[in-house]
Structures are given as structure tokens and as C-alpha cells.
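Peer 1: Here is my input; please provide its structure:
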Amino acid sequence: MKTEVRAAISRVFETMSFCELSDCDSGPIESPSLGAVIAFRGVLAGEFRLAISQCTAARLGADFLAAEGQEGTVDQTRSVVAEFANVVCGAVLSTLAPDADIHFSIPQLLDEIDRSQLTYHFSSTGEAPDIAVGLSLSPVD
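Peer 2: Numbers count the residues shown, from 1 in each chain. Take a look at the predicted model:
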């Protein structure tokens, strides 16, 4: 399962921001960071978490918004983090349960995220981890 989840995460970042991610061992991502949490329920239930360093979020946000050579505003960067969380969450869950009926919450943006709940670590620069994702699944009634 981990290989498929990592591949889904990497595909989204490559498609949305032309950013190739490299896998990293677990480790702290750069601080300060931004995060988003999405709850989901249906055939699968649980929470999805995305944490990204503010520097990386600003760079990827500018790429995503096609703001060449400029960083977006703080609000634009936070919106892009929420959008990345939405798309990555959907891609991961579609990988785990294709064609399943799953309902998502609106991403809750956080200035920091509990790093102990992050399982998948990536680098967008080939150096230290600057993006991390966590997925917790709960039993479905």
C-alpha cells in the first residue's frame, strides 16, 4: 500500500506544480510550516494530513498560480495548500478504494500540524524533507 500511496502523492505534485518529489526517510520538515487536515467517511473513514514548509508552499503556490518570479500573498499560499490537500487526498483515496463513495470535509488549515501523524516524507529540492503526508484510517461501522 505504501508504494501506491507514495506514487499517488508524487503524481499530484508533478501534475499540479511540475515538481518532482523524492522520497525521504522520516524526519522533520522545515519550520515554519503550513498544514491541512481533511476528514473523510464512506467506504473508508479517517483523516488525511498534509504539511509543507512555508518556503516550499510559497514557491509551489507561485508555480501553481503561474506567478512567474513572484510569490503569492499569504492568503493565496494558504489557499494553494488547501487545494493541494484536496487533490492529494482524493488521489490517495482513489488509489486505495477506486470508485468508492467517500465524503470529504473542507480542509482545515493549520499553522502547524502534529508531525507524529505524518507517515510519508518528501523533498521537492532533493535535500531535506519539506513535504509530509499522513493518513489515518478508522474502522467503518
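
Peer 1: Please, where are all the helices along this structure?
Peer 2: 2-17, 54-64, 74-96 (DSSP state H).

Peer 1: for the ones you listed, which one ends up most surrounded?
Peer 2: Of all those, helix 54-64 has the most neighbours on average by mean count of other C-beta atoms under 10 Å, namely a mean of 21. In short, each C-beta sits where N, CA and C put it, glycine included.

Peer 1: Could I have the CA atoms of that one written out in CSV?
Peer 2: The C-alpha trace of helix 54-64 is given here as CSV (Å, rounded to 0.1, in the frame of the first residue of the first chain):
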residue,chain,number,x,y,z
GLN,A,54,6.1,27.8,4.2
CYS,A,55,9.0,28.4,1.8
THR,A,56,8.1,25.4,-0.3
ALA,A,57,4.4,26.3,-0.2
ALA,A,58,5.1,29.8,-1.4
ARG,A,59,7.3,28.5,-4.3
LEU,A,60,4.8,25.8,-5.3
GLY,A,61,1.9,28.3,-4.9
ALA,A,62,3.6,30.7,-7.3
ASP,A,63,4.2,27.9,-9.8
PHE,A,64,0.6,26.7,-9.5
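
Peer 1: and it, what does it pack onto?
Peer 2: In this structure, helix 54-64 makes packing contacts with helix 2-17, strand 33-42, helix 74-96, judged by 3 or more C-beta pairs under 8 Å, 6 or more residues apart in numbering; DSSP states H and E.

Peer 1: Now tabulate the ones you listed in TSV and tack on distance to Leu60 and mean pLDDT.
Peer 2: Conversion of those to TSV gives the following (distance: least, C-beta to C-beta, whole Å; pLDDT from 0 to 100):
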stretch	distance to Leu60	mean pLDDT
helix 2-17	5	89
strand 33-42	11	94
helix 74-96	7	92
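
Peer 1: could you dump the ones you listed to CSV with distance to Tyr120?
Peer 2: Converted to CSV, these look like this (distance: least, C-beta to C-beta, whole Å):
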stretch, distance to Tyr120
helix 2-17, 6
strand 33-42, 14
helix 74-96, 9
